[in-house]
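Visitor: pasting the structure only:
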């Protein structure tokens with residue numbers, strides 16, 4: 001069986017030479033492993049649905065899950081380092097070649113990297129079979145391997161400014177190891193889960209600051225607009241610095257006045273930053289608007305951190321504003337846009353895609369309500385789980401076939 005080339009998914013074709021990590025669009029084998037976004041977006045969506053179903057069954061007492069590790073710790077881990085790490089891998093393995101002008105990792109090396117991720121999910125699903133330390137060790141291989149590949153490509157392409165993006169990946173690699181150590185030694189993760197969430201929010205702030213204004217400007221230009229998002233400047237630099245400081249304060253100690261003050265300042269600056277990107281002008285095209293909606297949860301998340309630090313909101317509620325509202329919503333937005341763009345589809349949200357967007361936003365709004373309505377926790381958990389399943393189930397139905405089939409060629413070619 002031959003690998004089929006994913007034509008058009010990269011702009012630069014470099015002369016082949018010997019490399020430690022084989023790269024380049026493969027011309028033999030399944031199309032699924034021709035580009036990084038394909039297996040990892042598909043795997044992320046499948047695991048988003050499967051892990052949520054397992055979590056719901058475990059909450060209902062119908063399933064013994066991750067014996068000896070802890071079902072609550074397993075749920076946190078598989079959302080942060082299972083589902084989310086796969087989306088991040090798909091994004092970086094597709095974006096880094098575009099940033100550096102080098103060919104992407106594909107074919108057998110991509111297959112092996114994907115299998116490392118799958119091995120981590122299998123090990124964490126039943127850590128009692130190997131022991132917690134062995135399961136943790138197997139799971140901890142994937143992120144450092146991905147980090148090595150991304151750093152190698154950025155250094156080889158001499159795109160030094162892009163190293164700040166993979167710094168977040170390095171933080172996640174360390175956070176995953178710390179998560180396992182905390183869980184095994186202390187019985188539950190604490191600092192490490194906030195550490196990981198802070199890394200994801202930092203990536204959204206940095207990478208979102210690149211793609212949101214760019215995508216918005218491109219769409220507005222096609223509509224004949226004359227007013228565009230503000231370019232990156234000193235205000236953005238200050239906003240990022242304040243936000244990173246607030247995230248560090250929250251990760252270190254979420255219940256101090258300093259954390260509340262820093263988070264309130266970051267929320268204000270991030271709200272202004274989002275306003276400067278003119279997102280309200282994109283609501284005619286949801287595939288662009290959803291990027292702004294997901295980023296709206298950045299200032300909302302910082303507000304939730306400030307409220308939690310002052311005792312006005314419980315910690316899990318604030319955490320879910322960030323994890324579902326910012327991280328998962330942004331990831332679904334990027335997955336839909338990147339899948340359409342890299343498989344030759346029009347960058348336009350279908351009715352099914354719009355429903356998926358509505359479902360994930362509803363999930364982000366419903367899950368934190370457990371803090372305000374503790375008497376309805378079970379109902380709110382169920383509603384949040386169902387809307388999550390709807391969002392990623394719809395992605396699988398619509399985009400799964402795109403991920404496993406050849407890139408669509410423009411009419412006339």
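Guide: It's in. The model shown is predicted, which means the values in this text are computed figures rather than measured ones.
Visitor: for the rest of this, base every contact and every neighbour count on C-alpha atoms.
Guide: OK.
Visitor: which residues in the stretch 251-400 of the chain form helices?
Guide: In the stretch 251-400 of the chain, the helices defined using DSSP state H, counting those that start in this stretch lie at 257-275, 286-309, 315-320, 329-342, 351-366, 377-404.
Visitor: repeat for the stretch 51-200 of the chain
Guide: Taking DSSP H, counting those that start in this stretch as the criterion, the stretch 51-200 of the chain carries its helices at 71-77, 84-100, 108-125, 132-139, 142-156, 163-186, 191-222.
Visitor: hmm, back to that, right, and the helices of the stretch 251-400 of the chain - which one's nearest residue 43?
Guide: Taking C-alpha to C-alpha as the measure, the helices of the stretch 251-400 of the chain were each checked against residue 43, and helix 377-404 came out nearest at 9.8 Å.
Visitor: domain ranges for this protein?
Guide: Each domain of the chain is listed here as a residue range: 31-187, 190-404, per automatic domain parsing.
Visitor: distance to residue 100 and mean pLDDT added to the helices of the stretch 251-400 of the chain, as a markdown table?
Guide: Formatted as a markdown table, the entries for the helices of the stretch 251-400 of the chain read as follows, by distance: least, C-alpha to C-alpha, whole Å; pLDDT from 0 to 100:
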| stretch | distance to residue 100 | mean pLDDT |
| --- | --- | --- |
| helix 257-275 | 27 | 97 |
| helix 286-309 | 24 | 97 |
| helix 315-320 | 34 | 93 |
| helix 329-342 | 17 | 97 |
| helix 351-366 | 31 | 98 |
| helix 377-404 | 24 | 96 |
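Visitor: if we can go back for a sec, most tightly packed of the helices of the stretch 51-200 of the chain?
Guide: Comparing these by mean neighbour count (mean count of other C-alpha atoms under 10 Å), helix 84-100 comes out on top with a mean of 22.
Visitor: next, the angle helix 108-125 makes with it.
Guide: Inter-element angle recorded for helix 84-100 and helix 108-125: 160 degrees (by axes from the mean of the first three to the mean of the last three C-alpha atoms, to 10 degrees).
Visitor: any idea of the mean pLDDT in helix 84-100?
Guide: When pLDDT is averaged along helix 84-100, the result is 93.
Visitor: report the angle between it and helix 142-156.
Guide: 10 degrees.
Visitor: helices or strands up against helix 84-100?
Guide: Helix 84-100 is packed against helix 37-59, helix 142-156, helix 329-342, with contacts defined by 3 or more C-alpha pairs under 8 Å, 6 or more residues apart in numbering; DSSP states H and E.
Visitor: between those helices, which one is closest to residue 389.
Guide: Once those are compared by C-alpha to C-alpha, helix 37-59 is nearest, at 5.5 Å.
Visitor: and the closest one, what other elements does it pack with?
Guide: The elements that helix 37-59 packs onto, with contact taken as 3+ C-alpha pairs under 8 Å, 6+ apart, are helix 71-77, helix 84-100, helix 329-342, helix 377-404.
Visitor: out of those helices, which comes closest to residue 311?
Guide: helix 377-404 (18.9 Å).
Visitor: tilt between the closest one and helix 351-366?
Guide: 150 degrees.
Visitor: for the helices and strands packed on helix 37-59, which one sits closest to residue 239?
Guide: Each of these was scored for nearness to residue 239 using C-alpha to C-alpha, and the closest is helix 329-342 (19.2 Å).
Visitor: so which bits of the closest one are buried?
Guide: Taking 16 or more other C-alpha atoms under 10 Å as the neighbour-count basis, helix 329-342 is seen to contain the buried residues 329-340, 342.
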